[in-house]
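**Student:** here you go, sequence then predicted model.
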Amino acid sequence: MQYLIGNHSLMKRINRTRVMNLLRINGTLSRAEMTEATGLDSKSLTNITGELLSEGWLESCGLSNPAIGRPRQLLRIRSNSGSFIGVALSPGRVVAVRCGLDGAIQAESSQDISPDAGIESLMEAVFRLIDSLIGISGAARQIGFAAPGVIMPEGSGFLLSVNIPGFRDIPVGDMLAERYGIPVSIEDSSRSMAIAESWFGRARGVENFLLVDIDIGIGLGIYSEGRIYRGTSNSSGEMGHTVIKRDGPLCYCGNRGCLETLASGRALLEKISGIRQSGRYSSEDLNRLKEAAAVGDTEVVNLLKQAGEHIGMAVANAVNLFNPRMLIFAGPLAWEDSPLVESARRDLSVHTLSSSLRQLAVQVSSLHDGAALGAAALALREVYEVEGVLAI
């Protein structure tokens, strides 16, 4: 664990982030309301907000209209004081979004790419989307990038992404930083989706929750005590490689019976006739499964139900381990009335301890392109977090 030594400069940074987070969550507040919420004295709060106003982070937005007493000046985050870009790479698709300082989405763009595309084609698509968003707004302050895979120890890129061909030993963070001359943050897709839920989705204000990402592969985003949990080697959340059937199919990781061999999008697509069998699948292929389920295709519906049983059991184990307040199903195979989700819910209720289930809220993500939104939120950390410290 990293311990931070308290000093005046550090405390000032922490208090600035507390003020910024309060306004991000609440929209508009008076100085008196911020003083009460933070516990800071009025002089310190006035000094902090004065600095943030002069630096262009905040702006005045009129006066309050109290029933009793004099009106007070209201402050809010100045959205257009900086642009932050989030990019998410997935099999067959690249998505990019641009956020303002308040986290509001200002623009987004996407491009379909071949699941067999090489690294040069993938990065060209990434550069093209970022260029288009920067071209709209001018310079960006920071970029966040998410993809499914194992992150390099130094956090500069990806060691491996099984579902994206050629994406191995790629220092994508360094590549983006060199091209655009701004800081770049890297994250795994499932963890990025969990970050998006905390900022924009179902889990706003929830300190402990799990997000199950059901895509070509299966991942888990873990939020613990208000922070994303990454693990010692930055490889947390590999739920797809938890063994649930000892004598099951051989997994590419070397084990048998991993969850991904039985319940991932890849596993389902390999079992269904009429879907191409190249071994390289995309989000478009998963959309075909959703369309088939919607019209009652018996083969697809049954396979989704079976996958849900496996996922429900694996998720029950995770819930018993972490005791979260909320569980969120996300990804292309997780829609509200999905046979997979309904089946997973049933098995979850059977295999979860009553003490863990009692206060558990089970949700389906409402976010579109959550990994890209989470990557944008990752880029916003320079304003809203002090490394190693919870701001609120």
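**Tutor:** Thanks, I have the structure now. Keep in mind it's a predicted model, so treat the numbers as computed, not measured.
**Student:** so where's the longest helix in this protein?
**Tutor:** Determined from DSSP state H, the single longest helix within the chain is helix 298-322.
**Student:** which stretches of the stretch 1-150 of the chain aren't confidently modelled?
**Tutor:** Applying pLDDT under 70 to the stretch 1-150 of the chain flags the ranges 1-6, 66-69, 136-138.
**Student:** what about the strands in it?
**Tutor:** Ranges of strands within the stretch 1-150 of the chain are 28-30, 58-63, 73-77, 84-90, 93-99, 105-112, 142-147, 150-151, based on DSSP state E, counting those that start in this stretch.
**Student:** please put the alpha-carbon coordinates of the fifth one into PDB.
**Tutor:** What that stands for is strand 93-99. The C-alpha atoms that make up strand 93-99 are tabulated as PDB, following Å, rounded to 0.1, in the frame of the first residue of the first chain:
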ATOM      1  CA  ARG A  93     -15.300  -1.900 -33.700                       C
ATOM      2  CA  VAL A  94     -13.700   1.300 -32.400                       C
ATOM      3  CA  VAL A  95     -15.700   3.900 -30.500                       C
ATOM      4  CA  ALA A  96     -14.600   7.400 -29.300                       C
ATOM      5  CA  VAL A  97     -16.300  10.000 -27.200                       C
ATOM      6  CA  ARG A  98     -15.500  13.600 -26.200                       C
ATOM      7  CA  CYS A  99     -16.500  14.800 -22.800                       C
END
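**Student:** who touches that strand?
**Tutor:** When contacts are defined by CB atoms under 8 Å, 6 or more residues apart in numbering, strand 93-99 is touched by residues 83-88, 105-113, 122, 125-126, 129-130, 132-133, 136-137, 140, 282-284, 369, 371-373, 375-377, 379-380. Every residue, glycine included, has its C-beta placed from N, CA and C.
**Student:** next: the shortest one.
**Tutor:** By CB under 8 Å, 6+ apart, the residues outside strand 150-151 that reach it are 157, 158, 159, 160, 161, 186, 187, 188, 234, 235.
**Student:** per-residue pLDDT, the first one?
**Tutor:** On the pLDDT scale, residue 157 is placed at 82.
**Student:** quickly find the element holding the closest residue to residue 204 other than its chain neighbours.
**Tutor:** Among residues not flanking residue 204 along the chain, residue 198 sits closest, at 6.7 Å (CB to CB, 6 or more residues apart in numbering). Residue 198 belongs to helix 189-200 when assigned by DSSP states H and E.
**Student:** show me what that helix is packed against.
**Tutor:** The contact analysis (3 or more CB pairs under 8 Å, 6 or more residues apart in numbering; DSSP states H and E) places helix 189-200 against strand 84-90, strand 142-147, strand 209-214, strand 218-224, strand 227-228, strand 326-330, helix 370-379.
**Student:** can you check what angle separates it from strand 209-214?
**Tutor:** 130 degrees (axes from the mean of the first three to the mean of the last three CA atoms, to 10 degrees).
**Student:** per-residue confidence averaged over helix 189-200?
**Tutor:** Helix 189-200 comes out at a mean pLDDT of 95.
**Student:** same check, this time on stretch 261-268
**Tutor:** 93.
**Student:** ok, stretch 163-173 next?
**Tutor:** The model assigns stretch 163-173 a mean pLDDT of 83.
**Student:** can you measure across that stretch, start residue to end residue?
**Tutor:** 19 Å (CA to CA, to the nearest Å).
**Student:** can you list the buried residues in that stretch?
**Tutor:** For stretch 163-173, the neighbour count (16 or more other CB atoms under 10 Å) marks 163, 164, 165, 167, 170, 172, 173 as buried.
**Student:** nearest to residue 153 among those residues?
**Tutor:** Closest approach to residue 153 among the buried residues of stretch 163-173 (CB to CB): residue 173, at 12.4 Å.
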